[in-house]
Each structure stands twice: as structure tokens, then as C-alpha cells.
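Visitor: kindly return the folded structure for what I paste below:
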Amino acid sequence: MSLVMVYVHLVWVTKKRIPYLRSKELRKNTWFHILEYAKSKHIKIDHINGYRDHCHCLVQLKSNQNLQSIVHLLKGESSHWINEQKVLDELFQWQAGFYAASVSPSKLKFVRKYIQNQERHHQSGSLIDELDNHFPDVKSGV
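Guide: Predicted coordinates for the structure are as follows:
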């Protein structure tokens with residue numbers, strides 16, 4: 001039996017970074033829906049949160065899982081679900097692409113806390129500022 005401990009911090013943004021996810025209630029419901037959908041597809045989401053124009057997700061990959069496929073499933077289903085709820089006056093879309101960084105087991109606690117505190121992080125800056133400040137080794141291409 002193989003033991004695989006691969007954690008990936010994912011971030012994806014709304015189309016043109018439009019702040020579609022304005023209300024806390026919509027964000028909370030969206031993150032919950034993504035979690036439940038992921039469980040149904042045997043995708044392990046360790047933490048999820050975000051802000052008005054993006055989603056952060058800490059995923060533990062299994063040996064047979066493909067990162068691109070996971071992101072495609074989560075973005076596609078959540079976009080479809082948000083539009084199905086008819087809570088927005090316009091069509092909801094995620095931007096093409098995503099940010100992904102592997103997370104060392106020694107940094108899991110930091111990344112979990114970072115994802116949990118999204119509201120606070122965004123009171124003073126943008127997603128680009130946030131990534132640059134908290135992950136200086138990575139040039140943000142999100």
C-alpha cells in the first residue's frame with residue numbers, strides 16, 4: 001500500500017475578477033457546496049475559503065488524482081450551481097486557469113490559518129498583494 005501526502009494550495013478567480021461573491025452568505029454556501037461535491041467525487045478538501053472574487057482551497061491529492069481534473073470539476077460544478085441558484089443578476093463564471101503551490105507538511109498549519117482568515121486579509125489589500133506578501137517566493141500569476 002502506498003502512502004501519499006501531497007497537499008496543494010489552489011486559488012482560482014472569478015471571470016475578470018468581478019466580485020460576484022459579494023455576500024458572506026453566498027460565499028459560505030458556495031464553499032459548503034464545493035466541499036460536499038468534492039466529497040462525492042472522493043476529492044479531499046482540507047480547507048476552503050475565499051473572498052468576493054476568488055477561492056482558496058487546500059487539497060490533499062491521492063496518487064491517482066490529477067490536479068487539472070480536480071480544479072476543472074470543482075470550478076465547473078460550482079459555477080453551474082451558483083447560476084442554478086439564481087442569486088445573481090448576471091451569469092457567474094470563473095476565470096480560466098488557477099494558481100497551485102505544493103505545501104510542505106510543516107507549513108500546513110500556516111496555510112490553513114491563512115485560508116481561514118480571508119476576510120481579514122482582504123480588508124487591506126488585493127489578492128495579488130496578498131499572495132506577494134504571504135508567499136514571497138512565488139510570483140503571482142493569478
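Visitor: every contact and neighbour count from this point should use C-alpha atoms.
Guide: Fine.
Visitor: show me the beta-bridge partners of the residue nearest in space to the middle of the chain.
Guide: When the chain is reduced to its mean C-alpha position, the nearest residue by Cα atoms, centre = their mean turns out to be His56, at 2.8 Å. Per DSSP bridges, the residues bridged to His56 are Val11, Asn49.
Visitor: that one and Met1: what is the separation?
Guide: With distances taken as Cα to Cα, to the nearest Å, His56 is found 31 Å from Met1.
Visitor: ok, now Arg17?
Guide: 43 Å.
Visitor: between those two, who's got more neighbours?
Guide: Neighbour totals were compared for Arg17 and Met1, and Arg17 leads with 16 against 3 (other Cα atoms under 10 Å).
Visitor: separation between Val87 and Ala101?
Guide: Distance, Val87 to Ala101, using Cα to Cα: 32 Å.
Visitor: do the same with Lys24
Guide: Relative to Ala101, and taking Cα to Cα, Lys24 is found at 26 Å.
Visitor: just the helices in the chain please.
Guide: Along the chain, the segments classed as helices by DSSP state H run 24-40, 67-85, 108-116, 118-121, 127-134.
Visitor: I'd like to know how many residues surround Lys39.
Guide: Quick note: Lys39 (other Cα under 10 Å) scores 12 neighbours.
Visitor: okay then, goodbye and thanks.
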